[in-house]
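Engineer: Got a predicted structure plus its sequence, pasted below:
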Amino acid sequence: MPNTPKISEAERRRVRQIRRAAAVMAITMVVWMGAQFIGGQQGWQPRFAFLFDLAAFAALVWALVVTYWVWKERKRDPDHR
């Protein structure tokens, strides 16, 4: 078994944050597209579509902010290769 490098706790935390952000992005897009499709089929009022748009936008902005924080933290970390 090859020697695997030790991963610091900070790096593990960053990986968890990035995975969480990626999951939020993927789930948001699936739910948003599903809501748009169902809303069109059911004849929902446009304000409901706008509500889903705003919720999706908020989730994607949150994921972008988390990704930026992880990127900045990784640049500051002297132990990161």
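Structural biologist: Alright, I've got the coordinates.
Engineer: burial of the closest residue in space to residue 62 that isn't next to it in sequence, as a residue count?
Structural biologist: Sequence neighbours aside, residue 24 is the residue nearest to residue 62 in space, at 6.8 Å (criterion: CB to CB, 6 or more residues apart in numbering). (C-beta placed from N, C-alpha, C; glycine too.) Other residues within reach of residue 24, judged by other CB atoms under 10 Å, total 15.
Engineer: From residue 44, how far out is residue 24?
Structural biologist: With distances taken as CB to CB, to the nearest Å, residue 24 is found 24 Å from residue 44.
Engineer: Could you measure from the most centrally placed residue in the chain over to residue 54?
Structural biologist: Central residue of the chain (CA atoms, centre = their mean): residue 21, 2.6 Å from the mean position. As for residue 21, its distance to residue 54 is 19 Å (criterion: CB to CB).
Engineer: residue boundaries of the helices in this structure?
Structural biologist: 9-42, 46-76 (DSSP state H).
Engineer: Take these and write them to TSV, including distance to residue 3 and mean pLDDT.
Structural biologist: Formatted as TSV, those follow (distance: least, CB to CB, whole Å; pLDDT from 0 to 100):
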stretch	distance to residue 3	mean pLDDT
helix 9-42	17	95
helix 46-76	23	94
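Engineer: circling back: can I assume the residue nearest to the centre of the chain is in contact with residue 67?
Structural biologist: Yes: Residue 21 is in contact with residue 67 according to CB atoms under 8 Å; the separation is 5.4 Å.
Engineer: Not counting residues beside it along the chain, what's closest to residue 35?
Structural biologist: Closest residue to residue 35 apart from its sequence neighbours, by CB to CB, 6+ apart: residue 52 at 4.3 Å.
Engineer: give me the number of residues near that neighbour?
Structural biologist: 18.
Engineer: What residues does it make contact with?
Structural biologist: 31, 32, 35, 36, 39 (CB atoms under 8 Å, 6 or more residues apart in numbering).
Engineer: Neighbour count and distance to residue 63 added to those residues, as JSON lines?
Structural biologist: Formatted as JSON lines, the contacts of residue 52 follow (neighbours: other CB atoms under 10 Å; distance: CB to CB, whole Å):
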{"residue": "31", "neighbour count": "14", "distance to residue 63": "13"}
{"residue": "32", "neighbour count": "18", "distance to residue 63": "13"}
{"residue": "35", "neighbour count": "18", "distance to residue 63": "18"}
{"residue": "36", "neighbour count": "15", "distance to residue 63": "19"}
{"residue": "39", "neighbour count": "16", "distance to residue 63": "23"}
